[in-house]
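Undergrad: The amino acid sequence is not available; the structure is as follows:
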């Protein structure tokens, strides 16, 4: 279980992005983090992986501080060293049970080719392979479906569901709400630096309807004025 208690994070002295946030994530579940741009989703994930300093509070896994030993992290825009091949990148992660050739039957990557020559989608798929190869208990995925074609998105969805069956805990963000409602066990809505509410799968349809209605109502008056 991941427990986040009284978590606060700021950029500078005045801009608090995460404000006394509380969240509990059960083991072996897929959890979506949603919110508007600037809500703090990536900041929260960075903090979970230890890439962002915490002002107050803490993030624990099974009662101990969450560290990189327990989690792997897919950032929105993966970084790769120059002039290395896909195979060389994957060799950075040690896992004797990982069959690279077999996995690449799903992703169809030119692993002997220099990564600099990859498309955006190919780079994302390679980064996802690296996360899978690490085989850690917790997967933190920031916008994993960005830049991927429909077929690959379905493949990733199937892989994540399979990982859940292996009792992996998955935290995922996506700007496409339908992606999360079709995949997650829980969705947590981040607003004003806090988790405003969490919804279970049987509440997703109502959550989606209310969310879109609220967003549309915020802007409908101005849109009407502009189009008249």
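TA: In hand now; what should we look at? Please read these numbers as outputs of a predicted model, since none were measured by experiment.

Undergrad: Let's test this: mean pLDDT of the longest helix seen in the chain, rounded?
TA: Scanning the chain for the helix with the most residues, using DSSP state H, yields helix 204-227. On average, the pLDDT along helix 204-227 is 84.

Undergrad: Spell out the secondary structure type for the spatially closest residue to residue 194 that is not a sequence neighbour.
TA: Counting by C-beta to C-beta, 6 or more residues apart in numbering, residue 21 is the residue found nearest to residue 194 once chain neighbours are left out, at 5.4 Å. (C-beta placed from N, C-alpha, C; glycine too.) Per DSSP: H, G, I helix; E, B strand; the rest coil, the secondary structure class of residue 21 is strand.

Undergrad: Touching, residue 21 and residue 7? I think so.
TA: Yes. At 4.3 Å, residue 21 counts as touching residue 7 under the criterion of C-beta atoms under 8 Å.

Undergrad: what does the helix or strand containing residue 124 contact?
TA: In the assignment (DSSP states H and E), residue 124 maps to helix 120-134. Contacts to helix 120-134, defined as C-beta atoms under 8 Å, 6 or more residues apart in numbering, come from residues 72-75, 78, 80, 86, 89-90, 92-93, 95, 98, 100, 103-104, 107, 109-110, 115, 118, 139, 141, 144, 146-149, 152, 156, 159.

Undergrad: next one: stretch 181-195
TA: For stretch 181-195, the surrounding residues in contact (C-beta under 8 Å, 6+ apart) are 8, 16-23, 25-26, 29-36, 39-41, 44, 157, 160-161, 164, 172, 180, 196-201, 204-205, 207-208, 211.

Undergrad: taking the mean pLDDT, what do you get for that stretch?
TA: Stretch 181-195 comes out at a mean pLDDT of 94.

Undergrad: which parts of the helix or strand bottoming out on mean pLDDT in the chain are buried?
TA: Every helix and strand in the chain was compared by mean pLDDT, DSSP states H and E; the lowest is helix 204-227, with a mean of 84. Judged by neighbour count (16 or more other C-beta atoms under 10 Å), helix 204-227 contains these buried residues: 204, 207-208.

Undergrad: Can you pull the residues that touch both of residue 21 and residue 7?
TA: Counting by C-beta under 8 Å, 6+ apart, the shared contacts of residue 21 and residue 7 are 44, 57.

Undergrad: distance of residue 55 from residue 114?
TA: Distance of residue 55 to residue 114, computed by C-beta to C-beta, to the nearest Å: 41 Å.

Undergrad: now swap in residue 7 and tell me
TA: The gap separating residue 7 from residue 114 is 40 Å, by C-beta to C-beta.
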